[in-house]
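Novice: Structure of the sequence below:
(chains A and B)
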There are 2 protein chains.
Amino acid sequence: MPDFELMRSLQKKNDTKIVLLVMDGLGGIPIEPGGPTELEAAKTPNLDRLAEEGTLGQTIPVRHGVTPGSGPAHLGLFGYDPVTYEVGRGVLEATGIGMTVSTGNVAVRGNFCTVDSDGKITDRRAGRISSKEAIPIVEILKEVEISDVSVDVEHLREYRFAAVMSGKGLTANIDDTDPQQTGVAPLPAQAFDKESKACARYFNQWIDAARQKLQSQPKANALTLRGFSTDPCLPQFPEIFGLRAGCIAVYPMYRGVSKLVGMELIDFEGEKPEEEFQTAAQHWNDFDFFFIHIKKTDSKGEDGNFDGKVEIIESVDAALPGLMEMKPDVVVVTGDHSTPAKLRSHSWHPVPTLLWAPATVRTDFEKSFGERACGRGGLGTIPATTLMPLMMAHAERLEKFGA
Amino acid sequence: MPDFELMRSLQKKNDTKIVLLVMDGLGGIPIEPGGPTELEAAKTPNLDRLAEEGTLGQTIPVRHGVTPGSGPAHLGLFGYDPVTYEVGRGVLEATGIGMTVSTGNVAVRGNFCTVDSDGKITDRRAGRISSKEAIPIVEILKEVEISDVSVDVEHLREYRFAAVMSGKGLTANIDDTDPQQTGVAPLPAQAFDKESKACARYFNQWIDAARQKLQSQPKANALTLRGFSTDPCLPQFPEIFGLRAGCIAVYPMYRGVSKLVGMELIDFEGEKPEEEFQTAAQHWNDFDFFFIHIKKTDSKGEDGNFDGKVEIIESVDAALPGLMEMKPDVVVVTGDHSTPAKLRSHSWHPVPTLLWAPATVRTDFEKSFGERACGRGGLGTIPATTLMPLMMAHAERLEKFGA
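Specialist: I've put the predicted structure just below:
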């Protein structure tokens, strides 16, 4: 992890523009040993040009061998060691849709589910009901009241919602209530420690009251909660690095983690790569640093859809000139972690990473953007947390250390 | 940083000879992406032979993205984490010319400058007066006396000198007096904390008294001070690694940092690479470890002189047989940091590093010494502080850890 105190003491201002383009779950593995990964199979003339003009490497999101969730993986990209700075999913999701999680409040991510007459789960995602179906049910949840605490609820996407409990002496060391299987009842909220027992009891009261109100729903007649968490009070990114930082992301989780580190969330319509790049162009003068997040590489990987992931990568490549014509000074293209279609899940594999910075870069021998080329690129195999200092350096935004 | 306690417990003695050859600011970047760096452009048949017989890698001087000054960068090469062990420039320079900075004394580096009748600086380096001109003026400074403390002054090079203040209760948390621009007066010495106020006051008294004595000088009629610092009490290199260590360096700064870690300074005439290598040969039996420092690679880089830096590298290569005929067991050739001619300054880029040790080395695929080859060499991308343990290991000077 970069030494934040060192960064604060070395950072300086100039007019450079830095872009961190994250294709979620970018890294892959070949279906057959020796075959191409998704990124290698994709036709990416624009990314290949950046690779040839820049330098490649591979980043380790958390620790060698450790598969990260999206929250920790993004914290790493922003320079925060994810083991030191743990942020719960509840806080990430709630913050991402604009809810406030003040110190002492407890946020949680909720899923609607379907239970049978015995209370046992028959569908962990309530038939994947649409947002249109779910929004009125979230309105019902908002009406749930219990004593001593208040619970704010907002819809996320489809069958998902976020809840924030406000009250006195709340602590969030509480286990998820999702049993991760069907045929059993949702678990009660259980505290891992004495301090969190009161908060778990309030949540169980709230769950019971909610179940009463939901019982007539055909699909979303119950709920599970996970990621109980409180405000992590993270050191603030703009202050550490001296950057006006803007976040261009569609999904709440990524907006959440960006907001928690102090980036400004840029509002925009659409979710295609070209729309995200256009948004950056429209706000080009307002920020020094743009975090641009592409979600669907990860979604296709999780679906096991190798060709679909290839297509998404190619669509990002095709849209890239719209970003490059803004003449950024430093561009990093990477993922937050790997999501190989072959594994249908996040993985621990190093993440292919491209650093382009025409004024200051040391080129290497590599000429195309792919995992194997990145494995022998000039950046080496480095922690994801080193990318922020490297981007700062290549933007000539760091003073010399010592005489 | 290597665990010094571990090194102390594992080190053993034998008859091997280790050479750490540092070409200051060795690392470069291409003028145009894809072109050669200075080291790649240089014709270096001898270094290429060592590269082919040895293994390559790239070292990170301080942290990824952090551009080091010369002092921190050399501490890193000697195995000391430069963030943990901060040493001020005053101490480095004063120690380098043989002055003693005892605990409680405060050392500072001084520049003569020229001021106009309003006391504003017209030349920050006093017309870059020669050593011959400066030495008598330093003699005048030696006569300056103030109450309660004594100030020892010695000439460094050209318009530069070092001063060491001895007295009671002196602490060195004091800002530089060099305003880093002309048209303004030198700044007074200002303490950053309460403890250093007395010391700053003494230095201001001394500056005033010195100005009185210098006022008739045509060029060097004033001075600026920077790098106020005290003895860092570093753990001692010969004791940590069990090595009789000799320093062959021309410039005070590098001699200073070597002396602070406990190396012996070897006196010699001349400053050409072949003269430095001859010096090593003459003292071959007196030491186990030779630190040999070549300055001009850095100077040419700072001048933006790509071809000049290439020439210096070639001159080192040409002189290298004079060193190799002594049959060292382990040779590392590296830089303390990068100084790309394109950037005209120190930089954060990894440093090309060559490890040659015929009895113990694992060779890699690389056959020439250059940045791109080092980027995919067998040593990988490693902290500079790991070079000392690696040299110790390749010299078979470390016991097995554990049973």
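Novice: CA only for contacts and neighbour counts going forward, please
Specialist: Will do.
Novice: show me the contacts for the nearest residue to residue A:232 once chain neighbours are set aside.
Specialist: Nearest residue to residue A:232 in three dimensions, chain neighbours excluded: residue A:87, at 6.1 Å (Cα to Cα, 6 or more residues apart in numbering or on different chains). Going by Cα atoms under 8 Å, 6 or more residues apart in numbering or on different chains, residue A:87 touches A:71, A:72, A:229, A:230, A:231, A:232.
Novice: Relative to chain B, which of those is nearest.
Specialist: residue A:72 (20.5 Å; Cα to the nearest Cα).
Novice: before we move on, back to that, sec struct for the residue nearest to residue A:232, please.
Specialist: Of the three states, residue A:87 takes coil under DSSP: H, G, I helix; E, B strand; the rest coil.
Novice: next one: residue A:95
Specialist: When the rule is three-state DSSP, residue A:95 gets the label helix.
Novice: Surely it is in contact with residue A:101?
Specialist: Yes - the pair residue A:95 / residue A:101 is scored as a contact, 6.8 Å apart, by Cα atoms under 8 Å.
Novice: From residue A:80, how far out is the residue nearest to residue A:232?
Specialist: Distance from residue A:87 to residue A:80, counting by Cα to Cα, to the nearest Å: 11 Å.
Novice: Next: residue A:291.
Specialist: From residue A:291 over to residue A:80 the distance is 15 Å, taken as Cα to Cα.
Novice: neighbour count winner among the two?
Specialist: Set residue A:291 next to residue A:80 and count neighbours by other Cα atoms under 10 Å in any protein chain shown: residue A:80 wins out with 27 against 23.
Novice: That one reaches residue A:387, doesn't it?
Specialist: No - counting by Cα under 8 Å, residue A:80 stays clear of residue A:387, with 10.6 Å between them.
Novice: Now residue A:361. Nearest residue, chain neighbours left out?
Specialist: Spatially, and ignoring its direct neighbours in sequence, residue A:361 is nearest to residue A:54 (6.3 Å; Cα to Cα, 6+ apart).
Novice: mind listing what the one you found touches?
Specialist: Counting by Cα under 8 Å, 6+ apart, the residues that residue A:54 touches are A:354, A:355, A:356, A:357, A:358, A:361, A:362, A:363, A:364, B:33.
Novice: What does the pLDDT read for it?
Specialist: What the model reports for residue A:54 is a pLDDT of 97.
Novice: Ok, residue A:168 next?
Specialist: Listed pLDDT for residue A:168 reads 90.
Novice: Could you pick out the residues of the stretch 1-150 of chain A near chain B for me?
Specialist: Residues of the stretch 1-150 of chain A lying near chain B by Cα under 8 Å from any Cα of the partner chain: A:2, A:52, A:53, A:54.
Novice: ok, now with 7 Å
Specialist: For the stretch 1-150 of chain A, the contact set with chain B under Cα under 7 Å from any Cα of the partner chain comprises residue A:53.
Novice: Next up, phi/psi of the one residue in the stretch 1-150 of chain A that gets nearest to chain B, please.
Specialist: The stretch 1-150 of chain A approaches chain B most closely through residue A:53 (5.5 Å), counting by Cα to the nearest Cα. Here is the backbone geometry of residue A:53 (degrees, to the nearest 10): phi -80, psi -20.
Novice: now the stretch 151-300 of chain A, which segments are flagged as low pLDDT?
Specialist: Within the stretch 151-300 of chain A, no range satisfies pLDDT under 70.
Novice: what ranges do the helices span in it?
Specialist: Secondary structure of the stretch 151-300 of chain A (DSSP state H, counting those that start in this stretch): helices at A:197-214, A:237-241, A:252-260, A:273-282, A:296-302.
Novice: Any part of the second one near chain B?
Specialist: No - using Cα under 7 Å from any Cα as the criterion, no contacts between helix A:237-241 and chain B are found, and the smallest distance is 12.5 Å.
Novice: which stretches of the stretch 51-200 of chain A form strands?
Specialist: A:55-60, A:106-115, A:121-123, A:150-155, A:160-166 (DSSP state E, counting those that start in this stretch).
Novice: Can you tell me which of those is most buried?
Specialist: Highest mean neighbour count of the strands of the stretch 51-200 of chain A: strand A:55-60, a mean of 29 (counted as mean count of other Cα atoms under 10 Å in any protein chain shown).
Novice: So which elements touch it?
Specialist: When contacts are defined as 3 or more Cα pairs under 7 Å, 6 or more residues apart in numbering or on different chains; DSSP states H and E, strand A:55-60 packs onto strand A:351-356, helix A:371-375, strand A:380-383.
Novice: Please tabulate those in CSV and include mean pLDDT, mean neighbour count and distance to chain B as additional columns.
Specialist: Shown next, in CSV, are the helices and strands packed on strand A:55-60 (pLDDT from 0 to 100; neighbours: other Cα atoms under 10 Å in any protein chain shown; distance: least, Cα to the nearest Cα, whole Å):
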stretch, mean pLDDT, mean neighbour count, distance to chain B
strand A:351-356, 98, 29, 10
helix A:371-375, 98, 22, 9
strand A:380-383, 97, 22, 6
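Novice: can you put the ones you listed in a markdown table and add distance to residue B:259?
Specialist: As requested, the helices and strands packed on strand A:55-60 are exported to a markdown table (distance: least, Cα to Cα, whole Å):
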| stretch | distance to residue B:259 |
| --- | --- |
| strand A:351-356 | 39 |
| helix A:371-375 | 40 |
| strand A:380-383 | 33 |
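Novice: for residue A:167, what are its contacts?
Specialist: Contact analysis of residue A:167 by Cα atoms under 7 Å, 6 or more residues apart in numbering or on different chains lists A:105, A:148, A:149, A:150.
Novice: any chance of these in CSV, plus pLDDT and distance to residue B:136?
Specialist: Listed next are the contacts of residue A:167 as CSV, based on pLDDT from 0 to 100; distance: Cα to Cα, whole Å:
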residue, pLDDT, distance to residue B:136
A:105, 94, 71
A:148, 93, 83
A:149, 95, 81
A:150, 95, 81
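Novice: List the residues that contact the residue in the stretch 101-250 of chain A that chain B sits nearest to.
Specialist: The stretch 101-250 of chain A approaches chain B most closely through residue A:241 (12.5 Å), counting by Cα to the nearest Cα. By Cα under 7 Å, 6+ apart, residue A:241 lies in contact with A:7, A:8, A:11.
Novice: Going through those, which ones are buried?
Specialist: Neighbour-count burial (16 or more other Cα atoms under 10 Å in any protein chain shown) is assigned, among those, to A:7, A:11.
Novice: what's the closest of the contacts of residue A:241 to residue B:136?
Specialist: residue A:11 (41.1 Å; Cα to Cα).
Novice: show me what contacts the residue lying closest to that closest one once chain neighbours are set aside?
Specialist: Closest residue to residue A:11 apart from its sequence neighbours, by Cα to Cα, 6+ apart: residue A:398 at 4.5 Å. Residues in contact with residue A:398 (Cα under 7 Å, 6+ apart) are A:10, A:11, A:12, A:392.
Novice: Cheers, nothing more for now.
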